[in-house]
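# Here is my input; please provide its structure:
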Amino acid sequence: MSNRKFAPVIIVLSVIAVGSVLFGLWYINSRNNLVRMEQQLEASWSEVDNQLQRRFDLIPNLVETVRGYASHEEAVFTQIAEARAKLGGARGVEETAAAYGEMESALSRLLVVVEQYPNLKADQSFIRLQDELAGTENRLAVARRRYNETVMSFNQAILVFPANIVAGSLGLTRRPYFEIEESARTAPQVRF
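Numbering: from 1, shown residues only. Okay, the predicted model is just below:
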């Protein structure tokens, strides 16, 4: 008879124990998935940063090649140097995106200058540098797209219920997309 008295208590304790184990497994799985996603996000940003550094390293060579033909275009060279300095000192996604936009604008003005010098456009070192820069721009576009896709997945994962509970306990917050400023979207005017 005493076993029957404790049977409901044993059942309740068993249900609580099983529920606790299942909750623990769910929490651990959710936490591990979020940590993996955060690491993927950091790796994606690192690839963007690598391509920005490659571009950062190519620009002085391109500027020096153009400077030999168009030495009186000092304003353009100054704008590129300033934009390059901002890009080199940028911290975080927002600052990098803003500096990236300024660099895009300065490079566009440089390419407008190049159009005015036919001998420069035929120079082999300029052609090689321009090809390298174009390749870098393509790799950078791919890296930015991958980063933004990773940000989207990460942000969705930390916002949906019930994973948002785990994300909150880990202190995970939404990450910004790598977006360029509206002014960088405008194509430069080329006049001959």
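# Give the residue spans of this protein that score low on pLDDT.
Within the chain, the set of residues satisfying pLDDT under 70 comprises 1-3, 71-72, 181-192.
# Just give me the longest helix of it.
helix 2-69 (DSSP state H).
# and that helix, what does it pack onto?
Applying 3 or more CB pairs under 8 Å, 6 or more residues apart in numbering; DSSP states H and E, one finds that helix 2-69 makes contact with helix 74-89, helix 92-115, helix 118-122, helix 124-159, helix 163-170. The way it works is simple: take the backbone N, C-alpha and C, and place the C-beta from them, glycine included.
# Find out how far that helix is from the centre of the chain, if you would.
17 Å (CA atoms, centre = their mean, to the nearest Å).
# Kindly calculate the angle that it makes with helix 74-89.
Here the directions of helix 2-69 and helix 74-89 differ by 160 degrees (axes from the mean of the first three to the mean of the last three CA atoms, to 10 degrees).
# how near is residue 178 to residue 133?
Residue 178 is 19 Å from residue 133, where distance means CB to CB, to the nearest Å.
# And residue 170, by the same measure?
The gap separating residue 170 from residue 133 is 40 Å, by CB to CB.
# For stretch 32-45, buried residues please.
34, 37, 38, 40, 41, 44, 45 (16 or more other CB atoms under 10 Å).
# got a list of what the second one touches?
This points to residue 37. Residues in contact with residue 37, defined by CB atoms under 8 Å, 6 or more residues apart in numbering, are 150, 153, 154, 157.
# nearest to residue 50, of these?
Nearest to residue 50 out of the contacts of residue 37 is residue 150 (CB to CB; 15.0 Å).
# Not counting its neighbours along the chain, what's nearest that closest one?
Of all residues not flanking residue 150 in the chain, residue 44 sits nearest, at 4.3 Å (CB to CB, 6 or more residues apart in numbering).
# wait, isn't that neighbour in contact with residue 147?
Yes: between residue 44 and residue 147 there is a contact at 4.1 Å, judged by CB atoms under 8 Å.
# Among residue 170 and residue 133, which residue is more densely surrounded?
For residue 170 versus residue 133, neighbours defined as other CB atoms under 10 Å are more numerous around residue 133 (18 against 14).
# show me what contacts the more buried one?
Counting by CB under 8 Å, 6+ apart, residue 133 has contacts 55, 58, 59, 62.
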